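Colleague: coordinates only, sequence not included:
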């Protein structure tokens, strides 16, 4: 069983659901993104999904795409990410997972990348454009290091594939709420919940839902049928708009909290 | 050995590196393609449109004055004479028919210089599809005439403002559209790149170039050529020419990449200067920094201005089946002039790279027999060349 599965068990025992926040590393600057990570830990969100920026994020909408370009300009790289996380993780009270596209990881070296994750205490890795069929090496190495491997299931995933994906997943499964890219959307919670129910029949592993979620009532509705929810673009958009305000670090907590408190 | 293998690999290159949402439609595309490939009606229909609409077969023209000038025997495979002015239509015709057989209603495509966009808009109109073309804002500025052509043909041109605002970003945006509208939309990819099965499909449709050339050269010369030369951006015209000669080991393949402003400056020489990486769904050679971030490229030829190359080329390079070289902007312009002035044929700036490289071949071995893929005509580039001269 994955580390995060144990963590989700504890949450369930405490009668809690996981509110997960995605932020790209290095956005709006490396310093500010370090501060944001620390803040998220004090806010008791359940988990931080930190994005290792990639120049060509083809599953992301304009909000995250722009943030990514900014982060790269600010000097976000695989090395600077590891340096920051190494410094920060000992002081955090919640787990961190890294989300990226495959190329930065492949070029860094899959083994080396995962070893570094393990060394600095990252709980797991999720790779947007690495379907299970291509993931043999990644899964093998992650298992050796006891790192969680989070895979994606989408509305277009057929049952046979879903079985493969659920089997390859450790920690939790990322259910993509819509057929599309990241960014605010109108969602149909009923459909999402039906799909999650059929996933749960395959294997009872925590399921967290992401993509498009930007309203509190979406969070409430969807959490009825799964263990967690991931909000990215909405928060990234807020940061993009207000990070230069004087009171930014006072306002950000209340913006984030209104999703789940 | 079958290339690609079942998982879409050419040796270690290729594959399907895409977000989960697209796995389903790549499978659907693969199944549909393998089904129609054997369907006699489909094969007949493609053949009909290639002949009657696009203008195949294209001549294999002996360039007498150029040959004399260089001291080698050069044949030009005249893809520049096709409808819309380039080899791109071989692929778009094939794929639009595939889309029709798959019952899709809408076609999307990416375009850099606009040639693939025009070829896509053309066939979309011919078969009554709705058509959206993604094009970087920078390219829209540089290629006004092609934007106008696409619009005249009834396509919508969607400006891309993300990233470097060029072809690579147009690709990202087309894929984003596809991820969102997978059920009714057909993504008509323009080169032998992208996730499996695209490199296979585009190669199959472009192989008509090499099949014809082989038949024609045997008829004219009674033997196979010593060299095949073609320019390589994504690499579709080159693969189209090379692939049917793959087993003819004595025929040497030379792919010419864009050296741009020079190999230590901005260029688009993925095979010569790049390293192995994953971009737009496939593992191949990519121009990137040491952290795997994709680099900006430059070439005077818009169709070569792209940071990656098809996986089959990566494989040919790895096993030594093909040799890849570069020709820079200034040299390409020399090639452009050479063909215009000696043969009365104005080439596109992309194959102008290959034309210049003939000089290198001439240095190596006199009297060699060479086929060069003249992949497109130069009308679209006149403005660039005119500005360069002044």
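Modeller: Cool, the structure landed. A quick note: this is a predicted structure, and the numbers were derived from the prediction, not measured.

Colleague: residue 247: how many residues sit nearby?
Modeller: You didn't pick a chain, so chain A it is. Residue A:247: 8 surrounding residues under other Cβ atoms under 10 Å in any protein chain shown. (Each C-beta comes from the backbone N, C-alpha and C, glycine too.)

Colleague: you answered for a different chain; I wanted chain B.
Modeller: 7.

Colleague: check the gap between it and chain A for me.
Modeller: 29 Å (Cβ to the nearest Cβ, to the nearest Å).

Colleague: state the pLDDT value of that residue.
Modeller: Note for residue B:247: predicted pLDDT of 97.

Colleague: can you tell me how far it sits from residue B:314?
Modeller: The spacing between residue B:247 and residue B:314, counted by Cβ to Cβ, to the nearest Å, is 19 Å.

Colleague: likewise residue B:116?
Modeller: Residue B:116 is 21 Å from residue B:314, by Cβ to Cβ.

Colleague: more crowded one of these two?
Modeller: Counted by other Cβ under 10 Å, residue B:116 and residue B:314 do not tie: residue B:116 has more neighbours, with 30 against 27.

Colleague: so what's that one closest to, chain neighbours aside?
Modeller: residue B:190 (3.4 Å; Cβ to Cβ, 6 or more residues apart in numbering or on different chains).

Colleague: let me know the secondary structure of the one you found.
Modeller: coil (DSSP: H, G, I helix; E, B strand; the rest coil).

Colleague: that one touches residue B:237, doesn't it?
Modeller: No - in this structure, residue B:190 is not within contact of residue B:237 by Cβ atoms under 8 Å, at 11.2 Å.

Colleague: these two - which one has more neighbours?
Modeller: Neighbours were counted for residue B:190 and for residue B:237 using other Cβ under 10 Å; residue B:237 has more, 32 against 27.

Colleague: got phi/psi on the more buried one?
Modeller: Main-chain dihedrals, residue B:237, degrees, to the nearest 10: phi -70, psi -30.

Colleague: need the pLDDT of the nearest residue to residue B:262 once chain neighbours are set aside.
Modeller: The shortest distance from residue B:262 to any residue other than its chain neighbours is 5.9 Å, reached at residue B:328 (Cβ to Cβ, 6+ apart). Note for residue B:328: predicted pLDDT of 97.

Colleague: tell me the contacts of the residue nearest to residue B:116?
Modeller: B:88, B:91-92, B:109-111, B:116, B:119-120, B:202, B:234, B:236 (Cβ atoms under 8 Å, 6 or more residues apart in numbering or on different chains).

Colleague: that older thread, beta partners of the residue nearest to residue B:262?
Modeller: residue B:260 (DSSP bridges).

Colleague: from chain A, how far off is the closest residue to residue B:325 other than its chain neighbours?
Modeller: Excluding the flanking residues, the one nearest residue B:325 by Cβ to Cβ, 6+ apart is residue B:256, at 5.6 Å. Distance of residue B:256 to chain A, given as Cβ to the nearest Cβ: 26 Å.

Colleague: looking at the stretch 251-390 of chain B, which residue is nearest chain A?
Modeller: residue B:292 (3.2 Å; Cβ to the nearest Cβ).

Colleague: which sections of the stretch 151-300 of chain B are below the confidence cut-off?
Modeller: Counting by pLDDT under 70, the stretch 151-300 of chain B has no low-confidence residues at all.

Colleague: what parts of it come near chain A?
Modeller: Residues of the stretch 151-300 of chain B lying near chain A by Cβ under 8 Å from any Cβ of the partner chain: B:162-163, B:168-169, B:171-172, B:175-176, B:179-180, B:182-183, B:275, B:277-281, B:283, B:286, B:288, B:290-294.

Colleague: among these, which are located in helices?
Modeller: Those of these mapping onto helices are B:168-169, B:171-172, B:175-176, B:179-180, per DSSP state H.

Colleague: may I ask which of those residues has the most neighbours?
Modeller: Neighbour max across those (other Cβ under 10 Å) = residue B:171, 31 neighbours.

Colleague: the closest residue to it other than its chain neighbours: what's it in contact with?
Modeller: Counting by Cβ to Cβ, 6+ apart, residue B:171 lies nearest to residue B:110, which is 4.6 Å off, once chain neighbours are set aside. Going by Cβ under 8 Å, 6+ apart, residue B:110 touches B:116-117, B:133-135, B:167, B:170-171, B:173-174, B:189-190.

Colleague: now swap in residue A:2 and tell me
Modeller: Residue A:2 touches A:124, A:148-149, A:170-172, counting by Cβ under 8 Å, 6+ apart.

Colleague: how about the host helix or strand of residue A:70: buried residues?
Modeller: Assigned by DSSP states H and E, residue A:70 belongs to helix A:62-73. Judged by neighbour count using 16 or more other Cβ atoms under 10 Å in any protein chain shown, the buried positions of helix A:62-73 are A:62-72.

Colleague: so that helix, near chain B or not?
Modeller: Yes - applying Cβ under 8 Å from any Cβ, one finds helix A:62-73 in contact with chain B at A:62, A:65-66, A:69, A:72.

Colleague: just the strands in the stretch 101-250 of chain B please.
Modeller: B:106-111, B:130-136, B:156-160, B:185-187, B:227-231 (DSSP state E, counting those that start in this stretch).

Colleague: so which of those strands is nearest residue A:246?
Modeller: strand B:156-160 (35.5 Å; Cβ to Cβ).

Colleague: okay, now the unreliable bits of chain A?
Modeller: Short version for chain A, where the test is pLDDT under 70: none.

Colleague: shouldn't the residue of the stretch 251-390 of chain B closest to chain A be in contact with residue A:106?
Modeller: Yes - under the criterion of Cβ under 8 Å, residue B:292 is in contact with residue A:106, at a separation of 6.6 Å.

Colleague: quick check: end-to-end length of stretch A:65-82?
Modeller: End-to-end distance for stretch A:65-82, by Cα to Cα, to the nearest Å: 21 Å.

Colleague: contacts for that stretch?
Modeller: A:24-30, A:33, A:50-55, A:57, A:60, A:98, A:104-105, A:108, A:113, A:116, A:120, A:236, A:239-240, B:162-163, B:291-293.

Colleague: does chain A have contacts with the longest helix anywhere in chain B?
Modeller: Counting residues, the longest helix in chain B under DSSP H turns out to be helix B:20-37. Yes - under the criterion of Cβ under 8 Å from any Cβ, chain A is reached by helix B:20-37 at B:20-25.
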